[in-house]
Structures are given as structure tokens and as C-alpha cells.
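Asks: Have a look at this prediction, sequence included:
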Amino acid sequence: MSNLAAKRILLGITGGIAAYKSIELIRLLTKAGADVQVVLTDGAKAFVTEMTLQAVSGKPVRSTLLDPTAEAGMGHIELAKWADLIVIAPASADFMARYAQGMANDLLTTLCLATEAPVLLAPAMNQAMWRHPATQANADTLAQRGVLSVGPADGAQACGDVGPGRMTEPADIFTYLNDNLAAESIPQDLNGQHWVITAGPTMEAIDPVRYISNHSSGKMGYALAQAAQLRGAKVTLISGPVTLSAPQGVTLVKVKSADDMLTACQQAMTKTADVFIGAAAVADFKMKSQSHQKMKKQTNRDELQLTLVKNPDIIATIAEQKGANCMVGFAAETQDVIAYAKGKLERKGLDMIIANDVSRSDIGFNQDENQVTVITHEKTWSPEKASKQQLAMQLVEHIYQHTQSSSAD
């Protein structure tokens, strides 16, 4: 049975081309057994019709704040109390601005101010609007007030631009709700803890236009950051170049090279962190000497030799410096996965290592699902294949339990 069964979900739809995606989200929620009530803004009516949404949700659609038929019983307050969860998908820049300012000039903003239920935004807008300092300030303000957010995604937009601003796909929003927000409450047992997490690839420059890197998408590290933050931890996410947006409430530090990442990790630990998770796929080697000009192709040569030197071993360095009470590494391997992972656990001085087989096309790099083996000095645990968001919640719980048992010894 889905975690969303019998949950009362108020779905707010604001004005934007992504509004059509909300029809699929309603279908997924109702199929899972959720009770969905739709609220439209005036702007949303230009993109989707009340009749369509009523047919999909099975309930009349609300859009008017002062509806005489509903307000006889203070209907907008009753609706705010009715909801177990409020989801705004899409959440436009205009809605986020009004919500951040505490305005209550339509039904949806009024409900968000009047409810005690968790509120989740799925932002959707032009990439320039998303990047605008005003929108970023509004997003930060809402996050500080406990409003959750998923996305936006990065990619091609209806206007022809490319960049962050696409609404997260309905299936991913559904997964997030089912895995993270559908429980009666998310334990806040990580309150007061500082988790430092690395994610994504590193990029080692050859010359100003070429570099050495790998296929890491950063999805696993970002999911871990979100899972830890949801349980109350202060999270610093140190990320190589990816196309993901950082979860709201997480401190993002962007880096490129392994040297940059090591420096950022050390700076993040002005005092010892509670947990350090090295989920980044750090390049093993870098150029011994980077060319400051573009290297030209030699027409009389068919080969090019590059001299590489080892990059710093970030997680081993942090472990040696006692940078965190619990050190967790990742081992992305293509053969003898468990044996290599156990070797890294001992060699790098870690408390735990998470091994995954990146030779499989259905998990690992650039995939939405993953399957791992968690290895400590005492035991091995292999959770079932799951979405990276769901797996992240399990891993954070496992790490928390490990730290609790270690401190009790």
C-alpha cells in the first residue's frame, strides 16, 4: 500500500505552461489512494480548465476566496485545516513572491498561511526568472520558514531557453511525497548535527577548453543531502559541476576540481562535523601541468601524450584530520565490488563505505535508481533496489543508527 493512501492532499496550481503536468500528478495521487482537492489561481485558468481537473480528481475545483456557498462555514479555513499536505505544482515566481511576503489576496495564498500542514513547492518558470536575485531571496525566505521545495529541474523550456526552471516531473514529485512527506511525521533526530556531503564529478582542466571528468550526475549525493536536511541536520553540500538544483535549506558550495573540493571540505569543517559523506566521484588524476592556452592539434602527429599526477584523496585526508565523528565513503566499482570496497574501508580509515556496481546500466551513474551494499567493520547490509531519494532516506537512517550504537559503546 502506498504511504499516500487516505492522505488528504491540497494541490495548488498557479499560472504557467507547466500547469498541464498537474493533471498527471493528480492521477498518480488518486491512484495511490490519496484524497485530492484542487485549488486554482486565476492565472492557472489560462492553462488548464476546472472541468478537466474536476474529472481527474473527482472533486469540485476551488478558485475563489470569497465563495458565498463555501464561506457560510468559513470554507477557506476549513480547507486549510482539512489538508494533511499542501503541494503547489507548478509554483510560479509570482506565487512565491506573494507567499514570501505573507500576502493573502487569493484562495491559495490564504490557505498556505492558514494551514499547519507541510507545504511543498515545485517551482516552474523561465530560467532567468528562477536565477533572479528576487526569486532566489524569496525561495530562501520560504525555506527558512520550513516550506519545502522539489526542483526546479534543468533543461529545455517552452520559451526556447535552456537552464534551471522546469517543473520537476510528476512521477518524481509523487516519489518525493510518498517517500518523504507521507509519514505521520519525519523524525527531527538530527537537529543540532552538521553533515558535510560531497556530490557529483570533479572537472580537471587540460587546457582552457578541455578537461578530464566522469559520468557522475550527483543525484545520490543530492538525495542524501535532502534526506539529512529533512531530519533536521544542518547540511553543507559540496558539489562538482551538475545540472541539479540544491535542496532548499541546504548550504551549497560549488567547486570544479578535486583541489577545490578538498579546500571546500576543510573550510566547511571549522569545527568537527558529525558526519562526512564522500559521495562525489573524484577524478583520480589531474594534469601535472595545465596548459594556459588551447592545445593545438598537430597535423603531423596521430598521438598526444598527457602527463598526469594523482589528485588528493579527499576522504582519506578528512579522515586522517579527524574532520568528522563518522566518516562514510562511496565505492563505485565495475568488478569485485565488495572486495574493493572493503579494501577502501580499511585503507582510508572510514567507519562505513557504500559500494555500488556502476557497470550496471540500470543503476548508478545518471540513473534515477540505485542498489548498494553498505559495509562497516562489523557487518554488511544490502537494501533492495530503490529510487535514489528512497534509498537516501534508508541510508541516512542507517548512518544515524550506526552513530548511535558507536557512541553507546
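Replies: Good, I have the coordinates. Residues are numbered from 1 along each chain as shown.

Asks: Tell me the bridge partners for the nearest residue to Lys344 once chain neighbours are set aside.
Replies: Distance criterion C-beta to C-beta, 6 or more residues apart in numbering; nearest residue to Lys344, sequence neighbours excluded, is Ala331 at 5.3 Å. For the C-beta atoms, the positions are set from N, CA and C on the backbone; glycine is no exception. Note on Ala331: beta-bridge partners Ala355, judged by DSSP bridges.

Asks: From the contact counts, what lies against the top helix by length along the chain?
Replies: Among all segments of the chain classified by DSSP state H, the helix with the greatest residue count is helix 388-408. Based on contacts counted as 3 or more C-beta pairs under 8 Å, 6 or more residues apart in numbering; DSSP states H and E, the elements that helix 388-408 packs against are helix 170-176, helix 219-230, strand 273-278, strand 324-333, strand 352-357, strand 369-370, strand 373-376.

Asks: any idea which of the ones you listed is most buried?
Replies: helix 219-230 (a mean of 28; mean count of other C-beta atoms under 10 Å).

Asks: tilt between that helix and helix 388-408?
Replies: Taking axes from the mean of the first three to the mean of the last three C-alpha atoms, to 10 degrees, helix 219-230 and helix 388-408 form an angle of 60 degrees between their directions.

Asks: how does the chain divide up, domain by domain?
Replies: Following the assignment in automatic domain parsing, the chain carries domains at 8-181, 194-290+305-408.

Asks: for the stretch 1-150 of the chain, what spans make up the helices?
Replies: In chain order, the stretch 1-150 of the chain shows helices spanning 21-31, 50-57, 68-71, 75-82, 93-100, 107-114, 127-131, 133-144, with DSSP state H, counting those that start in this stretch as the criterion.

Asks: what's the offset of the first one from the middle of its chain?
Replies: What it means is helix 21-31. 21 Å (C-alpha atoms, centre = their mean, to the nearest Å).

Asks: Quick one: mean pLDDT for that helix?
Replies: The average of the pLDDT scores along helix 21-31 is 89.

Asks: Tell me which residues are up against that helix.
Replies: The contact list for helix 21-31 (C-beta atoms under 8 Å, 6 or more residues apart in numbering) reads 4, 9, 11, 13, 36, 38, 48, 52-53, 56-58, 87, 89-90, 167, 169-171, 173-174, 177.

Asks: Just the buried residues out of the residues you listed, in ChimeraX syntax.
Replies: Isolation of the buried members of those (16 or more other C-beta atoms under 10 Å) is achieved in ChimeraX through the command below:
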select :4,9,11,13,36,38,48,53,56,57,87,89,90,167,169,170,173,174,177
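
Asks: So, low pLDDT: which residues of the protein?
Replies: Along the chain, segments meeting pLDDT under 70 span 1-3, 5-6, 66-76, 157-159, 181-186, 248, 364, 366, 407-409.

Asks: Assign the residue of it positioned farthest from its centre to helix, strand or coil.
Replies: Checked against the mean C-alpha position of the chain, the extreme residue using C-alpha atoms, centre = their mean is Asn300, at a distance of 48.7 Å. Following DSSP: H, G, I helix; E, B strand; the rest coil, the label given to Asn300 is coil.

Asks: nearest to Pro187, of the domains of the chain?
Replies: The closest approach between Pro187 and any of those, judged by C-beta to C-beta, belongs to domain 194-290+305-408 at 6.0 Å.

Asks: chain center to the closest one, what's the gap?
Replies: Between the mean C-alpha location of domain 194-290+305-408 and the chain-wide mean there is a distance of 15 Å, by C-alpha atoms, centre = their mean.

Asks: got the buried residues for stretch 383-398?
Replies: Buried positions in stretch 383-398, judged by neighbour count with 16+ other C-beta under 10 Å: Ala386, Ser387, Lys388, Gln389, Gln390, Leu391, Ala392, Met393, Gln394, Leu395, Val396, His398.

Asks: Sorry, wrong one. I was asking about stretch 37-49.
Replies: Buried residues in stretch 37-49 (16+ other C-beta under 10 Å): Gln37, Val38, Val39, Leu40, Thr41, Gly43, Ala44, Phe47, Val48.

Asks: hmm, back to that, arrange the helices and strands packed on helix 388-408 in a markdown table, one row each, with distance to Pro133 as further columns.
Replies: Rendered in a markdown table, the data for the helices and strands packed on helix 388-408 read as follows (distance: least, C-beta to C-beta, whole Å):
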| stretch | distance to Pro133 |
| --- | --- |
| helix 170-176 | 26 |
| helix 219-230 | 23 |
| strand 273-278 | 30 |
| strand 324-333 | 33 |
| strand 352-357 | 37 |
| strand 369-370 | 35 |
| strand 373-376 | 41 |
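
Asks: So which residues of the stretch 201-350 of the chain form strands?
Replies: In chain order, the stretch 201-350 of the chain shows strands spanning 204-207, 210-212, 234-239, 251-254, 273-278, 285-287, 308-310, 324-333, with DSSP state E, counting those that start in this stretch as the criterion.

Asks: I'd like those as JSON lines, with distance to Gly192 appended.
Replies: Formatted as JSON lines, the strands of the stretch 201-350 of the chain follow (distance: least, C-beta to C-beta, whole Å):
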{"stretch": "strand 204-207", "distance to Gly192": "37"}
{"stretch": "strand 210-212", "distance to Gly192": "39"}
{"stretch": "strand 234-239", "distance to Gly192": "8"}
{"stretch": "strand 251-254", "distance to Gly192": "16"}
{"stretch": "strand 273-278", "distance to Gly192": "9"}
{"stretch": "strand 285-287", "distance to Gly192": "37"}
{"stretch": "strand 308-310", "distance to Gly192": "37"}
{"stretch": "strand 324-333", "distance to Gly192": "13"}
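
Asks: Relative to Ala100, which of these is closest?
Replies: Each of the strands of the stretch 201-350 of the chain has some distance to Ala100 by C-beta to C-beta; the shortest is strand 251-254, at 19.5 Å.

Asks: Paired strands for the closest one, with orientation please.
Replies: Strand partners for strand 251-254, identified by DSSP bridges, are recorded as strand 234-239 (parallel).

Asks: Tabulate the CA atom coordinates of the strand it pairs with in CSV.
Replies: Extracted in CSV, the C-alpha atoms of strand 234-239 (Å, rounded to 0.1, in the frame of the first residue of the first chain):
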residue,chain,number,x,y,z
LYS,A,234,22.5,21.4,9.1
VAL,A,235,23.8,20.2,5.7
THR,A,236,26.7,21.5,3.7
LEU,A,237,26.6,20.1,0.2
ILE,A,238,29.9,20.4,-1.7
SER,A,239,29.2,19.7,-5.4
